[in-house]
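1. I'd like to go over a predicted model; first the sequence, then the structure.
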Amino acid sequence: MELQELNLDILDPSLISFLLSEQDAQADLWVKLLETPMLVTDDELEEMFSLRLSTRDTPKPEVGQVIYYVRSLAFEVREL
C-alpha cells in the first residue's frame, strides 16, 4: 500500500480538542505537528512536550510518572 492510499483523515478532532484550544499559545504548533510533521523543528517539539536531554545521570522516573522517548532526524529534501 502506498502512502498516498492511506486515509489519514480518520482522526476524530474531539480526541485532540484539548490540544487545539484557541487560548493556547501552542495550538498552532499542534496543528503543524498534525498537518506537516516533517516541518516541526526540534525546538518546537521541545516547547510542546517540555523535552529535556536524558543521560546516564538522569534520575529514574517516579512511580506513576510517564516518560516518552523522542528521536528526531535532520535531513535534506534530496535525501528523501
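-> Thanks, I have it.
2. ok, Arg52 - how many residues close by?
-> Using other Cβ atoms under 10 Å, Arg52 has 8 neighbouring residues. In this view, the C-beta of every residue, glycine as well, is placed from N, C-alpha and C.
3. cool, Arg71 as well?
-> 4.
4. gap between it and Leu51?
-> 11 Å (Cβ to Cβ, to the nearest Å).
5. Only alpha carbons, please: show the lowest-mean-pLDDT helix or strand in the chain as PDB.
-> One helix or strand of the chain scores below all others by mean pLDDT, DSSP states H and E: helix 27-35, with a mean of 82. Extracted as PDB, the C-alpha positions of helix 27-35 are listed here (Å, rounded to 0.1, in the frame of the first residue of the first chain):
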ATOM      1  CA  ALA A  27      -2.200  25.500  19.300                       C
ATOM      2  CA  ASP A  28      -0.600  26.400  16.000                       C
ATOM      3  CA  LEU A  29       2.300  24.100  16.800                       C
ATOM      4  CA  TRP A  30      -0.100  21.200  17.400                       C
ATOM      5  CA  VAL A  31      -1.800  21.900  14.100                       C
ATOM      6  CA  LYS A  32       1.600  22.000  12.400                       C
ATOM      7  CA  LEU A  33       2.600  18.600  14.000                       C
ATOM      8  CA  LEU A  34      -0.600  17.000  12.800                       C
ATOM      9  CA  GLU A  35      -0.700  18.500   9.300                       C
END
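6. what number of residues lie near Phe49?
-> 12.
7. For it, give me its contacts.
-> By Cβ atoms under 8 Å, 6 or more residues apart in numbering, Phe49 lies in contact with 68, 70.
8. again, but for the one 3 residues further on
-> If a contact means Cβ under 8 Å, 6+ apart, then Arg52 has Glu46 as its contacts.
9. Kindly state the pLDDT recorded for it?
-> Arg52 is assigned 81 on the pLDDT scale.
10. Assign a three-state SS to it, would you?
-> coil (DSSP: H, G, I helix; E, B strand; the rest coil).
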